[in-house]
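Asker: can't give you the sequence, but here's the structure:
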């Protein structure tokens with residue numbers, strides 16, 4: 001983030017929690033509705049029930065406020081990773097676990113995730129490059145933490161873990177983008193998304209995992225029997 005942005009504002013944090021929440025929610029609503037460039041600080045202070053002078057006492061400018069909201073959103077995302085059970089070492093079960101944790105947090109803070117969604121669509125030149133870099137870092141760090149302590153021994157011997165991770169990353173990213181495009185707000189998201197993910201998960205498992213026959217090396221039968229066991233469209 002830009003060095004000039006005063007992300008940790010002690011004056012703001014000295015406010016009562018309910019007032020902080022009013023300001024944060026009012027600002028996120030306005031940025032979601034109007035985008036960075038067109039967002040009105042007049043609308044924010046009216047919704048937050050504070051004076052404009054007070055707002056700029058807490059934040060030096062609109063960009064300072066905007067990146068403060070991003071940092072606040074990242075703190076909430078951190079709750080997702082804090083709840084991951086690292087004892088679950090199956091990658092597909094881990095992904096499902098993260099999905100359910102994320103859903104619960106999205107339901108608790110829908111406006112935060114609507115704000116994060118708006119970052120993807122933001123095109124204001126004053127913030128676009130910083131946001132793109134930030135989103136790339138968030139995604140990279142998220143994947144790293146999802147894969148922590150995963151047991152890759154279930155993979156077929158001809159599949160490298162690194163390539164499996166690449167395919168999973170592309171699939172998860174594409175699936176998430178598809179689901180986000182379907183909704184207007186994260187208030188609308190429900191468990192039906194997991195039913196859809198499960199269908200993809202089973203395809204990936206059948207392609208990636210060794211046959212559950214008890215032997216480490218797949219039996220060298222005919223090509224037809226291999227296709228029956230792994231699926232003819234698998235790598």
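Answerer: Yep, it's here. Computed from a predicted structure; not experimentally measured.
Asker: shaky segments in the chain?
Answerer: 1-9, 212-235 (pLDDT under 70).
Asker: quick one, helices of it?
Answerer: 10-13, 17-38, 41-48, 52-58, 62-82, 91-108, 110-121, 128-146, 161-182, 192-208, 223-230 (DSSP state H).
Asker: give me the contacts around the third one.
Answerer: The contact list for helix 41-48 (CB atoms under 8 Å, 6 or more residues apart in numbering) reads 22-23, 25-27, 29-30, 34, 51-52, 54-56, 62, 65. Just so you know, the C-beta spots here come from the backbone N, C-alpha and C atoms, and that holds for glycine as well.
Asker: distance-wise, check residue 154 relative to residue 204.
Answerer: 12 Å (CB to CB, to the nearest Å).
Asker: residue 163 now?
Answerer: Distance, residue 163 to residue 204, by CB to CB: 13 Å.
Asker: give me the more crowded residue out of these two.
Answerer: residue 204 (17 against 12; other CB atoms under 10 Å).
Asker: tell me the contacts of that one?
Answerer: 92, 167-168, 171.
Asker: in TSV, list the residues you listed along with distance to residue 105.
Answerer: Shown next, in TSV, are the contacts of residue 204 (distance: CB to CB, whole Å):
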residue	distance to residue 105
92	21
167	26
168	21
171	22
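Asker: tell me which two in these are the farthest apart.
Answerer: 92 and 167 (12.4 Å; CB to CB).
Asker: more neighbours, those two?
Answerer: Higher neighbour count among residue 92 and residue 167: residue 92, with 20 against 14, using other CB under 10 Å.
Asker: please tell me how far that one sits from residue 37.
Answerer: Taken as CB to CB, the span from residue 92 to residue 37 is 42 Å.
Asker: same check on residue 63?
Answerer: In terms of CB to CB, residue 63 sits 11 Å off from residue 37.
Asker: what about stretch 33-49, distance to the chain center?
Answerer: 25 Å (CA atoms, centre = their mean, to the nearest Å).
Asker: mind listing what's buried in that stretch?
Answerer: 36, 39, 41, 44-45, 48 (16 or more other CB atoms under 10 Å).
Asker: next: stretch 120-136.
Answerer: 122, 127, 130-131, 134.
Asker: got it, and stretch 94-106?
Answerer: Result for stretch 94-106 [16+ other CB under 10 Å]: buried residues 94-99, 101-103, 105-106.
Asker: how about stretch 64-73?
Answerer: Here stretch 64-73 shows 64-70, 72-73 as buried, counting by 16+ other CB under 10 Å.
Asker: ok, now stretch 180-194?
Answerer: 186, 189, 193.
Asker: and the closest residue to residue 145 other than its chain neighbours, how close does it get to residue 54?
Answerer: Closest residue to residue 145 apart from its sequence neighbours, by CB to CB, 6 or more residues apart in numbering: residue 81 at 5.0 Å. Residue 81 sits 34 Å away from residue 54, going by CB to CB.
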